[in-house]
Structure formats: C-alpha cells, structure tokens
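Participant: give the three-dimensional model of this entry:
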Amino acid sequence: MLVYPQLSSGALAQFPILKRRRQRTVVNTLADFTSIKLADPPGEITAWELKYVGLSNSEALALQQFFTATEGSLTVFTFLDPTANLLSWTEQLTNAVWALDPFLSIVAGVADPAGGTSGWQISNSGAAPQTISQTLSAPGAYVYCLSVYGKSSQPAQVTLLCGTASVVCTLDTSWNRLVLTGSGDPTAQSVVFGIQVPPGATVDIFGLQVEPQAAASVYKPSETGGVYENASFRDDVFLLTSTDVNRNSATVNIIHANSL
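Facilitator: Model prediction:
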C-alpha cells in the first residue's frame, strides 16, 4: 500500500494549503427544450496544492523517493487530507461505519458545546468496558490525533483509543476537549479509533475527530471522511529547490477523481 508520507514533525503539509473540489451536473435537454438536471457524484474531482518550504534533506528525499515509487502520475496511492476530519459520519453515530459494543446505547440530540444539539449521550449497561469505534484504511505508522468533547453529570472516566495508544480521561459537568496523539501497528494497513466507556457510566460526547498530525485543530463535521485511497500526482515532474544548507522547497499537486 503506497501512502503519501508525513513530515518528520508528524504533519503532512504546511500552510497555506489550496484545496479545490469540482463537481459535475448531468443535464438532459428534452425535445420541448425543458431540461432535467442530476448530480453526478462519480464526476467529482478534488485537488490539493501543497507548498513546502524549509524541508530538511531527509524530508525532501522522502518526497522524491515517493514520487519515484509512484512513477509520477501513473500509480495511485492513499492520501490523508490534511484539511479534513478523517472520520466519516461524525454527526451520526448510528451509521454503520461506527462499531458499537452490544451493551452500549446512544441517544442523539444532546446540547453540544457549540450551542447546537449535535451531542450524543452514551450509556454502558454492561459489566465490562464497552467501546464505540471506527476503523480507517490508513497506515498504522502514521502519527494521528484523536479529539472529542466530553462531559458527564456524574464523575466518570472514558478511555480514548488511537491505534496502539490509549489514555484515560476524567469527565466533569462542563464540556472539555479530550485529545490523544498516537499511532497504530507500523505493519498494519488500518487503524482503529474509539472511545471506551466503563461499566455503568453515562457520558455526553461531541465532535469526534481524527487528523493526520500531532495536535488537534478546530472540529470539522464530516460525512465522507478524509481518506482518499485512489489519489495520484497531477504532474509527471517533481521540482525540488535547495534554498540553503539542509533547506529545500517544493510544490506538490495531488488529485482524486471519484470515478477511479
């Protein structure tokens, strides 16, 4: 599995990042000149322009070797969108992408810290810890940041799970953002992210987010997630400029077409 590399800092890109999404509409013009318009999701194309400055020689070499491995635009690879929440359906925890242990019950419509009602109440009626999780087709060796807002009307703890890393967090009656940075099995091609609730506990959560970096950014609701498994380089030439000792710059253009 070819995966676009992270930098040594754990970040995948540098700001500014330019992201464009082009959507297609199919228009059928009838004999009476009326028309029927339908969205055409397979025709959607997403493009990123990543500008790098101050790259170390080892970081520049990693990008160059990856470009060589893909033979430019010939071979597709997995790209984790640095501007997106990698999880899908973060506002609908009842969606099939979420795996719930059998003794967990969830209720929607809880007041959230953003002033809306997109929070969720999770209760564990079992005698053992229970988990809600989502598995991403993403490289285990990457650095990830899992974040979520949580609170509880009674003293409670939850465990955040990020690949092979975990942390126990204490909740109180106010919303607090819980954060865990970690990685998975370096040889694995998928990573599990989730929240484990102890027996008998009831907690409120909001804003589950996973990002391919070491720290959390502002919460971004997500339906489709940010893992693009068939991305490719737009160009067949990789230009790398040496600007100083152990300092390099480059611009990388990546595209993803839903039809591929």
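Participant: for residue 53, which residues are in contact?
Facilitator: 14, 243, 247, 249 (CB atoms under 8 Å, 6 or more residues apart in numbering). For the C-beta atoms, the positions are set from N, CA and C on the backbone; glycine is no exception.
Participant: inside strands: which ones of these?
Facilitator: The strands, defined by DSSP state E, take in 243, 247, 249 from those.
Participant: out of those residues, who's nearest residue 66?
Facilitator: When the ones in strands among the contacts of residue 53 are compared for distance to residue 66 (CB to CB), residue 249 comes out closest, at 16.7 Å.
Participant: of the ones in strands among the contacts of residue 53 - the most surrounded one?
Facilitator: Per-residue neighbour counts (other CB atoms under 10 Å) across the ones in strands among the contacts of residue 53 peak at residue 249, which has 17 neighbours.
Participant: how far away is that residue from residue 53?
Facilitator: According to CB to CB, to the nearest Å, residue 249 and residue 53 sit 5 Å apart.
Participant: need the overlap of contacts for the two.
Facilitator: In contact with both residue 249 and residue 53: residue 243, using CB under 8 Å, 6+ apart.
Participant: which residues of the stretch 101-250 of the chain fall in strands?
Facilitator: For the stretch 101-250 of the chain, strands defined by DSSP state E, counting those that start in this stretch occupy the ranges 104-110, 119-124, 130-136, 144-151, 156-162, 165-171, 176-182, 191-197, 202-211, 227-233, 240-244, 247-257.
Participant: against which helices or strands is the fourth one packed?
Facilitator: In this structure, strand 144-151 makes packing contacts with strand 156-162, strand 165-171, strand 176-182, strand 191-197, strand 202-211, judged by 3 or more CB pairs under 8 Å, 6 or more residues apart in numbering; DSSP states H and E.
Participant: so the fourth one versus strand 119-124, what angle?
Facilitator: Here the directions of strand 191-197 and strand 119-124 differ by 70 degrees (axes from the mean of the first three to the mean of the last three CA atoms, to 10 degrees).
Participant: who does strand 191-197 pair up with?
Facilitator: strand 130-136 (antiparallel), strand 156-162 (antiparallel) (DSSP bridges).
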